[in-house]
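this is a predicted model, with the sequence first.
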Amino acid sequence: MELSFKENVNAMVDGAIRVLGLDEGIAKALKACNSVLKVQFPVKVRGRVELFTGWRAVHSTHRLPAKGGIRFATFVNQDEVEALASLMTYKCAIVDVPFGGSKGGLLIDPTKYNRDEMQAITRRFTLELTRKGFLSPATNVPAPDMGTGEREMAWMADTYKHLVPEDINFTACVTGKPVAHGGIRGRTEATGRGVQFGIREFFRNTKAVKAAHLTKGLGGKKIVVQGLGNVGYYASKFLSEEDGAKIIAIIERDGVLVDKTAGKKQGIPVEKVHQYMVEKGTLKGYSSAGVEFLDKKAGQKALEIECDILIPAALEAQITKKNAKRIKAKLVAEAANGPVTFEADQILKKNGVTILPDAFLNAGGVVVSYFEWVRNISHIRFGRMQRRFEEAKGLQFASALERLSGKPLRKSVKEDLASGPQEVDLVRSGLDDSMRLALQEIFETKKSVKGVDDYRTAAYVVALDKIARSYLDIGVY
Ligand code: GLU
């Protein structure tokens, strides 16, 4: 029998619990989901009353608020929401974001409703969450996930504001809002950007690269990506446009685009493909030189294409015991949550495939959510106080250099020196730092802790060690 999503995550976490030799009681408490809310509420849609079901699971509250996205999909269930909430706990600990873990889901097919209907449904769900104590800037802060985005977050924030206007921090009740409504620049791209920063840091470690049977440098590496949603799109765009990697296949719901030259030329142009998808809602019919469209049947098989890096950026349980032995990628970079099952993880490991685990690699979203939350509770945009000050300092420095050298500086150099950081620069720098430090900690743990021989276990050891410490130091209340 297949393990459920939650059982899969727990089986992986057990490996780290054994390594740490954690007390059984503490281990049980760490894995347990603290609370789950299930709501069923009616909304009048096109003259008829429809019943909707949603969940919000809080895995841990050792730090508050508990944090994590809300997905709108036809397949959400309590087990999945609990599994995802626990992943949020570990994720936050790994990248040092001071939040507990939570996740929510609403059983819905968003394509079946128009904008006004979606708004009514989202607002009513928000009311349920708020009234039941599962939404507030201090205790539980949702964010976008599958099927949700800025639009839904803006509705949620506005609903909360109307319900609790005396909460001066009301904008911080959700993250991933539009910039015009309290969001932060760089949040939309954040998860994909974090995947890029994480992979870049991996490639900076020559020993790790060699051990993964890869050659030096990200440039020219052949990548297969599954899912061109928010995460897959930005990750593959940045890796190809900024790091020179080649996207040789894009797997989507309705088919696959394959680079016929297998990376000998420039690879698949991600931006063009994405624009096409946004316009047409499908990959079908896309054509450009050297790119071939294969229909849906080729989807699962395409995961097995020979490549350097496979980036599953769509759903959970995509690599299972059924296809794991045929995966030919050297590195599996988990941009989605839970794309590799526990059994598949064991098979890949045995076959020498390296995995950069979800709980580390896709944490960029929550890192920037943290920045957005801090911006909201401090009620000021990052950079507002210091940008012009830093520009003036830079200009003084440039003038001093010119005086000392007796030569004028090149215009571009002078401009560089005299430009203060904008919010998006600070966000990217903070994200880069978080991803780098986290992977360095994972590298160090893998090297120095006995019994740790893969990055997933190392990442969970890092996370559990921090979380358990909070239990052990403060005690159980
Ligand atoms: N839904 C995203 C995730 O799975 C983001 C969560 C957040 O920003 O709170 O990590």
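Sure thing, it's come through.

what is the neighbour count of K297?
Counted by other CB atoms under 10 Å, the residues lying close to K297 total 9. C-beta: built from backbone N, CA, C; applies to glycine.

any idea how far the ligand is from it?
30 Å (CB to the nearest ligand atom, to the nearest Å).

what's the answer for P357, then?
In terms of CB to the nearest ligand atom, P357 sits 13 Å off from the ligand.

got it, and F170?
Distance from F170 to the ligand, by CB to the nearest ligand atom: 17 Å.

also K321?
Taking CB to the nearest ligand atom, one finds K321 at 25 Å from the ligand.

and that residue, what does it touch?
Counting by CB atoms under 8 Å, 6 or more residues apart in numbering, K321 makes contact with 341, 343-344, 347.

whichever strand or helix holds A400: which residues count as buried?
Here A400 sits within helix 387-405, counting by DSSP states H and E. Within helix 387-405, the residues that count as buried by 16 or more other CB atoms under 10 Å are 387, 394, 398.

ok, back up a step: just the contacts of K321 now: which is nearest the ligand?
Closest approach between those and the ligand, by CB to the nearest ligand atom: T341, at 17.9 Å.

tell me who's in contact with the closest one.
Per CB under 8 Å, 6+ apart, neighbours of T341: 2-3, 8, 317, 319-321.

quick check: pLDDT value at it.
In this model, T341 is scored at 98, pLDDT.

got the CA coordinates for stretch 126-137 in PDB?
Extracted in PDB, the C-alpha atoms of stretch 126-137 (Å, rounded to 0.1, in the frame of the first residue of the first chain):
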ATOM      1  CA  THR A 126     -11.500  34.100   5.400                       C
ATOM      2  CA  LEU A 127     -14.300  34.900   7.800                       C
ATOM      3  CA  GLU A 128     -14.400  31.300   8.900                       C
ATOM      4  CA  LEU A 129     -10.700  31.200   9.500                       C
ATOM      5  CA  THR A 130     -10.700  34.500  11.400                       C
ATOM      6  CA  ARG A 131     -13.700  33.700  13.600                       C
ATOM      7  CA  LYS A 132     -12.200  30.400  14.600                       C
ATOM      8  CA  GLY A 133      -8.800  31.800  15.500                       C
ATOM      9  CA  PHE A 134      -7.000  30.500  12.500                       C
ATOM     10  CA  LEU A 135      -6.000  33.800  10.900                       C
ATOM     11  CA  SER A 136      -4.300  36.800  12.400                       C
ATOM     12  CA  PRO A 137      -0.900  38.600  12.100                       C
END
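
touching, E128 and P42? I think so.
No: counting by CB atoms under 8 Å, E128 does not reach P42; the two are 11.0 Å apart.

among those two, which residue is more densely surrounded?
It is E128, of E128 and P42, that has more neighbours when counted by other CB under 10 Å, with 18 against 10.

check which helix or strand covers the more buried one.
Counting by DSSP H and E, E128 is found in helix 115-131.

other SSEs contacting that helix?
strand 35-45, strand 48-58, strand 100-107, helix 150-163 (3 or more CB pairs under 8 Å, 6 or more residues apart in numbering; DSSP states H and E).

how about the secondary structure of the residue of the stretch 201-350 of the chain found nearest the ligand?
Nearest residue of the stretch 201-350 of the chain to the ligand (CB to the nearest ligand atom) works out as N337 at 5.6 Å. Secondary structure, DSSP: H, G, I helix; E, B strand; the rest coil: N337 is coil.

my guess is it contacts E316. True?
Yes: the criterion here is CB under 8 Å, and N337 meets it with E316 at 6.1 Å.

which of those two has more neighbours?
Shown here are N337 and E316; by other CB under 10 Å, N337 has more neighbours (26 against 20).

which residues does that one contact?
By CB under 8 Å, 6+ apart, the residues touching N337 are 84, 87, 316, 358, 362.

distance of it from V164?
30 Å (CB to CB, to the nearest Å).

just E343 next, same as before
Distance, E343 to V164, by CB to CB: 45 Å.

roughly how far apart are whichever residue of the stretch 101-250 of the chain sits closest to the ligand and A235?
In the stretch 101-250 of the chain, the residue that lies nearest the ligand is A143 (3.3 Å; CB to the nearest ligand atom). Using CB to CB, A143 is found at 18 Å from A235.

who has more neighbours, these two?
A235 (32 against 27).

would you confirm that that one belongs to a helix?
Yes: according to three-state DSSP, A235 belongs to a helix.

let me know whether it touches G227 as I believe.
No: contact criterion CB under 8 Å: A235 and G227 do not qualify, at 9.4 Å.

overlap of the contact sets of these two?
313, 335.

quick check: M156 vs M1, distance?
In terms of CB to CB, M156 sits 37 Å off from M1.

A180 should be in a helix, yeah?
Yes: counting by three-state DSSP, A180 is found in a helix.

and the helix holding A400, what other elements does it pack with?
Helix 387-405 packs on helix 411-417, going by 3+ CB pairs under 8 Å, 6+ apart.

residues of the helix it packs on that come out buried?
So helix 411-417, judged by 16+ other CB under 10 Å, has buried residues 414, 417.
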